[in-house]
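>>> Generate a structure from the sequence data that follows.
(2 chains)
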Amino acid sequence: MNKVFKALADPTRRRVLQLLRERPMAAGELSDQFSVSKPTMSAHFSVLNEAGLVEAEKHGRSIIYRLKMSVLEEALLGFAQTVGWEISPDGRATGHSASTPSRPGHRSTSRTERRTT
Amino acid sequence: MTPRHLSYHLAPVLVLLTALAAAGNWYLRPDRATAWAIGMLTLPVLWVVASLLLRTQRRRAGKDLPDNAAHERRSQGIRLGMTVAGTIMLTSLGAQGLGTLGVTSDPDLSRRSTMIVMGALLMFMGNAMPKMLTPLSVLQCDGSRTQAFQRLAGWTWVGVGLGWCLAWIALPVHLARPVSVAMMVAGTGPVVVQGIRLWRSKGRTAPPAQA
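Residues are numbered from 1 along each chain as shown, chains lettered A, B, ... in the order given. Reported below is the predicted structural model:
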């Protein structure tokens, strides 16, 4: 369950899950929705995969991601999105008023990206 | 090695406890020997029959790796079924035993507790439903429609299960039964309709988006 909380604590990963709620999507198509580098997105996909919230399938030369969330996990996603749940650099969970979901092309900063830049 | 599902360990324990509970009730109330005998033997017999069928099927299919994976899934399915059935039967037998021993004077305890456990199991299974994914390569329906259906079914079963539990906890028995049945029908209807629509769309699979 710790992996699930960690996965849901990042706004970029939450946005990925919201996009996958509509339909399965290829890794490249998902990455195009965010203004972060492909390695950063790969790290996000890896966290989501480890938490069991998405399933990756090879389809030809691309990887297709599908949502794999239980009802409880989806309810947690809704809660995290509403309170703007994030893990601060010192490891504490913080919340603020509901954050707007990232627009296509909107720069979404995450711990992973802050670490790599 | 793939970690084993909880039902792998829980199933034999529940089957054994169910048999013991039935034996205990038989000792306390020998006038209902037939009912207790059925309670003792049902699960072990079902498990043996299912396992034999599975073994026969496996021998015919050979020992190819894909068939080994399918065998594991079916074996896990049997254990999960035993866990669910064992939980329900143990709850019922346990409540009946408590009534016979005079621990509780509620004549409806057995029925009420069994129904509450069934509601809880419905919630548990509904919660897991959206995670039961079929590989895209063998999926015969559109991936997004299948996903939407599984999510609808999952949320519906969790809602119905919760309502079922609350009805059997809070309402008198003569009201709990019709209310819980009405909730089940109201919840099942839309799921069945969507399921039929999904089945009718079989073969019309939209190709997944490429990178």
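>>> Now do the helix or strand B:A35 falls within: which elements does it pack against?
Element membership for B:A35 (DSSP states H and E) is helix B:33-61. Here helix B:33-61 touches helix B:6-28, helix B:65-101, going by 3 or more C-beta pairs under 8 Å, 6 or more residues apart in numbering or on different chains; DSSP states H and E. All C-beta spots, glycine's among them, are computed from the backbone N, C-alpha and C.
>>> Touching the shortest one from outside, list them.
Put plainly, it is helix B:6-28. The contact list for helix B:6-28 (C-beta atoms under 8 Å, 6 or more residues apart in numbering or on different chains) reads B:32-33, B:36-37, B:39-41, B:43-44, B:47, B:76, B:79-80, B:82-83, B:86-87, B:89-90, B:93-94, B:96-97, B:100-101.
>>> Would you mind listing what in chain A touches chain B?
Contact residues, chain A versus chain B (C-beta under 8 Å from any C-beta of the partner chain): A:21-29, A:52, A:55, A:57, A:59-64, A:66-72, A:74.
>>> if you set the cut-off to 10 Å instead, what comes out?
Contact residues, chain A versus chain B (C-beta under 10 Å from any C-beta of the partner chain): A:20-32, A:52-53, A:55, A:57-75.
>>> Just the ones in helices from the residues you listed, please.
Under the assignment DSSP state H, the residues of chain A next to chain B contribute A:20-22, A:27-31, A:71-75 to helices.
>>> Looking at those, which one is closest to B:W155?
Of all these, B:W155 sits closest to A:V71, with 5.6 Å by C-beta to C-beta.
>>> That closest one against B:A128, yeah?
Yes. Between A:V71 and B:A128 there is a contact at 8.3 Å, judged by C-beta atoms under 10 Å.
>>> list residues touching both of the two?
Jointly contacting A:V71 and B:A128 under the rule C-beta atoms under 10 Å, 6 or more residues apart in numbering or on different chains are B:G154, B:W157, B:V158.
>>> Cross-check those residues against chain A and keep the overlap.
Near chain A, by the rule C-beta under 10 Å from any C-beta, you find B:G154, B:W157, B:V158 out of these.
>>> Show me what the helix or strand where the second one lies is packed against.
Going back to what we said before, that points to B:W157. Using DSSP H and E, B:W157 maps to helix B:143-170. Under the contact criterion of 3 or more C-beta pairs under 10 Å, 6 or more residues apart in numbering or on different chains; DSSP states H and E, helix B:143-170 touches helix A:11-22, strand A:62-67, helix A:71-83, helix B:109-128, helix B:173-200.
>>> Is the lowest-mean-pLDDT helix or strand in chain B positioned near chain A?
When each helix and strand of chain B is scored by mean pLDDT, DSSP states H and E, helix B:65-101 comes last, with a mean of 82. No. Judged by C-beta under 10 Å from any C-beta, helix B:65-101 makes no contact with chain A; its nearest approach is 15.5 Å.
>>> roughly how far is that helix from the heart of the chain?
From the chain centre to the centre of helix B:65-101 is a distance of 8 Å (C-alpha atoms, centre = their mean, to the nearest Å).
>>> what residue of chain A is the furthest out?
A:G60 (24.0 Å; C-alpha atoms, centre = their mean).
>>> Quick check on that residue: phi, psi?
Taking degrees, to the nearest 10, you get phi 70, psi -120 for the backbone angles of A:G60.
>>> swap in the one 10 residues further on?
According to degrees, to the nearest 10, the main-chain angles of A:S70 amount to phi -70, psi 170.
>>> Isn't it up against B:K131?
Yes. Contact criterion C-beta under 10 Å: A:S70 and B:K131 qualify, at 5.3 Å.
>>> Who has more neighbours out of those two?
Counted by other C-beta atoms under 10 Å in any protein chain shown, A:S70 and B:K131 do not tie: A:S70 has more neighbours, with 21 against 17.
>>> Tell me who's in contact with that one.
Applying C-beta under 10 Å, 6+ apart, the residues near A:S70 are A:4, A:52-53, A:76, B:124, B:126-132, B:154, B:158.
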